[in-house]
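Enquirer: please work out how this folds:
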Amino acid sequence: MRYNSSRALELLRIGSGYPDAVFRESQEDAIRYLIEGRGRLLVVQKTGWGKSFVYFIATRLLREEGNGPALLVSPLLALMRNQIEAAERMGVRAATINSDNPDDWVAVEASIGRNEIDILVISPERLANERFRSNVLARFAAQISILVIDEAHCISDWGHDFRPHYRLLERIVKTLPPNLRLLATTATANNRVMDDLSEVLGPHLEVI
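Expert: Numbering: from 1, shown residues only. So this is what the prediction gives:
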């Protein structure tokens, strides 16, 4: 798919609320990499750099061209809420299925079925849930345009914040098409963590 730089900048300005906002170093490179479908990407940048702009803008651009929804794996409920608010500021229709909103699950699943969700936000523990895997993931896995793994250092037991359920992503990733757009983001990754992420999320993981 061809990258639309002017539309990407417009979305950045809408999402940030600043009409003169410009991309930070490497932000646009990451978005372009995903849109053009060049492979799997790990973005290691400090907190506040704007990693969420990368995946929300990429999601919006892909959806505008008729691609399927994105799946975002995120470790904390509070972070999920912030991510959903940020997505909606950019016109990205976001929803979540987590332990905090069981009353919403059926409605969210129906919206996914009607192609009304642009990005679904889940915890890594949700991947261990058989109901989720059979009722939700199995139904739209083939349509996923981007798999986003936020706080990706949680995958590695060499990291400071290892989450065992994140390791389920290794199995999930191996079942996905090799050309699937995959974005992993973190602010914290030493060499051991980087090697571990390359092993789990590879092959051929590009790093920014």
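Enquirer: how about stretch 99-117 as PDB, C-alpha atoms only?
Expert: Listed next in PDB are the C-alpha coordinates belonging to stretch 99-117 (Å, rounded to 0.1, in the frame of the first residue of the first chain):
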ATOM      1  CA  SER A  99     -12.000  -8.200  32.800                       C
ATOM      2  CA  ASP A 100     -13.500  -4.800  33.700                       C
ATOM      3  CA  ASN A 101     -16.200  -4.700  31.100                       C
ATOM      4  CA  PRO A 102     -17.900  -8.200  30.800                       C
ATOM      5  CA  ASP A 103     -21.300  -6.500  30.200                       C
ATOM      6  CA  ASP A 104     -19.900  -5.000  27.000                       C
ATOM      7  CA  TRP A 105     -18.400  -8.100  25.500                       C
ATOM      8  CA  VAL A 106     -21.400  -9.200  23.400                       C
ATOM      9  CA  ALA A 107     -21.900  -5.700  22.000                       C
ATOM     10  CA  VAL A 108     -18.200  -5.300  21.200                       C
ATOM     11  CA  GLU A 109     -18.100  -8.800  19.500                       C
ATOM     12  CA  ALA A 110     -21.100  -7.800  17.400                       C
ATOM     13  CA  SER A 111     -19.500  -4.500  16.400                       C
ATOM     14  CA  ILE A 112     -16.400  -6.400  15.300                       C
ATOM     15  CA  GLY A 113     -18.600  -8.700  13.200                       C
ATOM     16  CA  ARG A 114     -20.100  -5.700  11.500                       C
ATOM     17  CA  ASN A 115     -16.700  -4.200  10.800                       C
ATOM     18  CA  GLU A 116     -17.400  -1.200  13.000                       C
ATOM     19  CA  ILE A 117     -14.300  -1.400  15.200                       C
END
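Enquirer: distance from the chain centre to it, please.
Expert: 18 Å (C-alpha atoms, centre = their mean, to the nearest Å).
Enquirer: tell me which residues of that stretch come out buried.
Expert: Going by neighbour count (16 or more other C-beta atoms under 10 Å), the buried part of stretch 99-117 is 105, 108-109, 111-112, 117. To be clear about C-beta, it is placed using only N, CA and C from the backbone, and glycine gets the same treatment.
Enquirer: do the same with stretch 127-135
Expert: Buried residues in stretch 127-135 (16+ other C-beta under 10 Å): 127, 129, 132.
Enquirer: and the first one, its phi and psi?
Expert: The one in question is L127. phi -70, psi -20 (degrees, to the nearest 10).
Enquirer: show me what contacts V173?
Expert: 147, 182, 200-201 (C-beta atoms under 8 Å, 6 or more residues apart in numbering).
Enquirer: filter the residues you listed to the buried ones?
Expert: Looks like these have 147, 182, 200-201 buried, using 16+ other C-beta under 10 Å.
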